[in-house]
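In: How does the following fold in three dimensions:
(one chain, ligands or ions: 3)
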Amino acid sequence: MPFFIEVVLPLALAKSFTYSVNEAEYAFLQTGMRVAVPFGRNKIYTALVLTKHQTPPQLYEAKDIHQILDDYPLVTQKQIDHWQWIASYYMCNIGEVYKSAMPSSFLLESETIISSRPDFNVQDEELSDDEYLIYEALQKQSALKVQEVVSILNKKTVLPVLNRMIAKNAVSLQEEINEKYKPKTIRYIRLQEEFMQQEQLSELMELLSRAQKQREAVMQFFQLQATEKKAISVKMLTEAGTTAAVIKSLIDKGIFEEYHLEEDRVQFEGSNEAGFALSPKQQQAFEEIKTSFTQKDVTLLHGVTSSGKTEIYIKLIEEYIATGKQVLYLLPEIALTTQLVVRLTAYFGNEVAVFHSKYTNNERVETWQQVLAGSEKAKVVIGARSALFLPFSDLGLIIIDEEHEQTFKQVDPAPRYHARDAAIVLANALQAKVLLGSATPGIETYYNASHGKYGYVEIRERFGNVMPPEIILIDLKDKYKRKRMTGHFSDEMIDAIAETLYNGKQVILFQNRRGFSPWVECMTCGHVPQCPQCDVSLTYYKYKNALRCHYCGYNIANPTNCHKCHSTDLNTKGFGTEQIELELKSLFPNKNSWRMDQDTTRGKHGYEKIIDSFKNREIDILVGTQMLAKGLHFDNVGMVGIMNADNMLYQPDFRAFERAYQMMVQVAGRAGRKDVRGKVYIQTYNPLHNIIQQVTTNDYTAMYKEQVYERHNFKYPPFYRLIRITLRHKDYEKLKDSALWLYNVLTQNIGVPVLGPEEPGINRIRNEYIRTIMIKIPGGMPLGNTKKNIERTLSSFEAVPQYRPVRVTINVDPY
Ligand code: ADP
Ligand code: ZN
Ligand code: ZN
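Out: Ligands and ions are numbered 1, 2, ... in the order given. Here you go, the predicted model:
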């Protein structure tokens, strides 16, 4: 009697594969265990057992497995079901879901690169002979491939040995990141030792008699020292009115000395973290959510920015874990800051686990095991979208904060899933509840809430009765006409910044483009330098004096002559964050301006470093892209300026208006705290545009009604489901032919509207031309059949020899 297992491989393959096992293995193996299997020529992969059976495969001879890797299932049946749903709904292969769901050290394969860990101490751990051999080899060379380990150990099955070494922290996989972010230390100031004595002090004052501001700063320092009776931080001194520049010159002169101390913990404002109480409004929302959960599995918490949604989440989490349930707290990657983690760990202690790509493989594996075991150490899992793939054993609640964020949708590679939607399906299978939170809910979400599919709870007030920010529109057309502009700043914007800084508050400026200017133009012949590999103009970077492509990274030195006509009369057009930062430096030379965009946050913790410095008030003005809009809390921001609202409005995308609204309301939400009302200045050529007006009056409902009307008219979600097929190829003609063929056959086969084939706004990236086809499926129509027909059509497409090299990707519910 033969014995077989059905397994999934971490590869983009549609089906499962059959391997043969012996009777003992058959008895031992269970669904969700991993096995090492040979596949293709000489390759070994870590496969996952789906089922056991006794039917030999018809088309091939089943190979034997190499080795069983687990003593117990690492993946639950419910997870496999969910992965299968993802594969079928998002039209990808189960192998692709398996591959992206598991931490990579669970997926050792023959191609994996293994390296030694510098912090591993061989004296502390006992190594078996095999393990020692590998350890020794890694002292001589920096990395080994699995195949090399096979020849060193002279045995076929090396994955178990490697797995043990990973568990002992003796080796790591090359792609992993080991470094973890430590919260920044706080900068303090003291007087240099030599000035401590009374007599030197008068000498010092004498010394500073002609530097009025520095003299004042020293006085202020003494005053603070007398009243506070503790170490004086740079932040305290700047709050008292001394500028960062003055402090710096005192340090340079050797009068002040700076030193650093670690901040123990981020504290909740005005209360200690253990015992805050909800405000009456928060309490009411909290009760309403619980009532809503008795009838609806999904509830939307629509609370304006700073309404204190996080505190409501905390109380809710507390109730779920008190009953022994697990809670998953999903956030957009970028909002997952150290601050939030610290805030939650301060509250829930060791019961919180964090799961996202910045954590090392070891940490992710550990969290996986804890979640699987239902351990006390991972009752609350905070994570970005991939935390959805963890092996929850008893999940009670999923919170999805900033649910409108488009980064919840994975773009590349497959599975191109939407974490919010996939979480709702998961919760349904596990009988857990879902709370969606946002100040600016996605149109689809609000539609579901207003049609009774989801419960709905609203908070219209900010916590602590802070007033909503006041929005002031600045008409750029008028300002330019009356010559009231300095660079890209209107006189009103400059005055507002100056006043805010004068009052000791900080400023945030939002500009949705990075670089100095998005293109350079020849004033003689009109030529604009383009990327040779992409259909885009090159962005000018002044500081680096270079032109750079934002799509492929191609860059060249800034040309002095036009490439076409050799004229030297070149001009930059448009503006980005770098230009704004430079203009600020000349408008406010004594202030510290900083920039936060993809260019300045590249390092592993670049983003958090800037956030920390801004929180510690070492930065007066922060200029940034949409990164600024992601649920950050700063307690000293007096105003927010939006440099140009128009480039958000005119994007060729049916979500452009919704996004522009969300972005502006979210950035505006960073302004204002307890004491004074925050102000938001918006520069625009279209002050009367509906979206701008809706932002000004904070009228979400008006925005929603208008957008939903448009969506209905033009056949978009939530009324139609979209599936976008993208074709890419280096040969323009071949691509054009193939796209037309696919379009024609789809139109005949699927009986729903098919649009295209279209050349997208940017029709070539990295030398590949692009065409898209959009399929619109009416709401209420079952999707299964349409998807089957699409799949069938794609198989016949791939069967046409000249189309085979065309790369095709499918995106269901594209964002
Ligand atoms: P949002 O709704 O934008 O997520 P947060 O939950 O971050 O708002 O709350 C905004 C601010 O108000 C935070 O600084 C938070 O610490 C404070 N806050 C909210 N609720 C309370 C409370 N019940 N007690 C003390 N501070 C609170
Ligand atoms: Zn020219
Ligand atoms: Zn390019």
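In: which regions of the stretch 51-200 of the chain sit below the pLDDT cut-off?
Out: Filtered on pLDDT under 70, the stretch 51-200 of the chain yields the residue ranges 174-184, 198.
In: redo that, cut-off 80
Out: For the stretch 51-200 of the chain, the stretches flagged by pLDDT under 80 are 110-112, 118-119, 121-125, 142, 147, 156-157, 173-186, 193-200.
In: Next, please give the residue ranges for the helices of it.
Out: Taking DSSP state H, counting those that start in this stretch, the helices of the stretch 51-200 of the chain run over residues 77-89, 94-101, 129-140, 146-153, 159-167, 198-207.
In: give me the beta-bridge partners of the closest residue to residue 295 other than its chain neighbours?
Out: Leaving aside its sequence neighbours, residue 295 sits nearest to residue 455 (C-beta to C-beta, 6 or more residues apart in numbering; 6.8 Å). Any C-beta I mention is one placed from the backbone N, CA and C, and that applies to glycine too. With DSSP bridges as the criterion, residue 455 is bridged to residue 299.
In: Surely residue 455 and residue 301 touch.
Out: No - judged on C-beta atoms under 8 Å, residue 455 makes no contact with residue 301 at a distance of 9.3 Å.
In: picking up where we left off before, what's the most buried one of the helices of the stretch 51-200 of the chain?
Out: helix 94-101 (a mean of 23; mean count of other C-beta atoms under 10 Å).
In: Alpha carbons of it, as CSV, please.
Out: Taking Å, rounded to 0.1, in the frame of the first residue of the first chain, the C-alpha atoms of helix 94-101 are listed here in CSV:
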residue,chain,number,x,y,z
ILE,A,94,-1.2,29.2,-3.0
GLY,A,95,2.6,28.8,-3.1
GLU,A,96,3.0,32.6,-3.3
VAL,A,97,0.8,33.0,-0.3
TYR,A,98,2.7,30.4,1.6
LYS,A,99,6.0,32.0,0.7
SER,A,100,5.0,35.5,1.8
ALA,A,101,3.2,34.3,4.9
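In: And it, what does it pack against?
Out: Applying 3 or more C-beta pairs under 8 Å, 6 or more residues apart in numbering; DSSP states H and E, we find helix 94-101 packed against strand 3-8, helix 77-89.
In: Residue 455 and residue 301: which is more packed in?
Out: residue 301 (30 against 23; other C-beta atoms under 10 Å).
In: now the more buried one, nearest residue through space, not along the chain?
Out: residue 437 (4.5 Å).
In: what about the one you found, distance to ligand 2?
Out: 52 Å (C-beta to the ion, to the nearest Å).
In: State the distance from the residue nearest to the spatial centre of the chain to residue 607.
Out: The centroid of the chain falls nearest to residue 333 when counting by C-alpha atoms, centre = their mean (2.8 Å). Separation of residue 333 from residue 607 (C-beta to C-beta, to the nearest Å) stands at 10 Å.
In: Mind listing the shared neighbours of residue 455 and residue 301?
Out: Counting by C-beta atoms under 8 Å, 6 or more residues apart in numbering, the shared contacts of residue 455 and residue 301 are residue 289.
In: what are the phi and psi angles of residue 431?
Out: phi 50, psi 40 (degrees, to the nearest 10).
In: Same question for residue 50.
Out: phi -100, psi -50.
In: partners of the nearest residue to it once chain neighbours are set aside in the sheet?
Out: In space, residue 50 comes closest to residue 6 once its chain neighbours are excluded; the distance is 4.7 Å by C-beta to C-beta, 6+ apart. Taking DSSP bridges, one obtains residue 18, residue 51 as the residues bridged to residue 6.
In: And for residue 6, the neighbour number?
Out: 19.
In: Equivalent analysis for residue 488, please.
Out: 17.
In: so how far is residue 435 from the residue in the stretch 151-300 of the chain that ligand 1 sits nearest to?
Out: Of all residues in the stretch 151-300 of the chain, residue 276 sits closest to ligand 1, at 3.9 Å by C-beta to the nearest ligand atom. From residue 276 across to residue 435, the span is 19 Å (C-beta to C-beta).
In: Scan the chain for its longest helix.
Out: Of all the elements of type helix in the chain, the one with the most residues (DSSP state H) is helix 732-750.
In: Next secondary structure after it?
Out: The element immediately downstream of helix 732-750 (helix or strand, assigned by DSSP states H and E) is strand 754-758.
In: could you give the angle of that following strand to helix 732-750?
Out: 180 degrees (axes from the mean of the first three to the mean of the last three C-alpha atoms, to 10 degrees).
In: And the next helix or strand past strand 754-758?
Out: Once the chain leaves strand 754-758, the next helix or strand it forms, by DSSP H and E, is strand 764-765.
In: Please work out the average pLDDT along that following strand.
Out: Per-residue pLDDT over strand 764-765 has a mean of 92.
In: No further questions, thank you.
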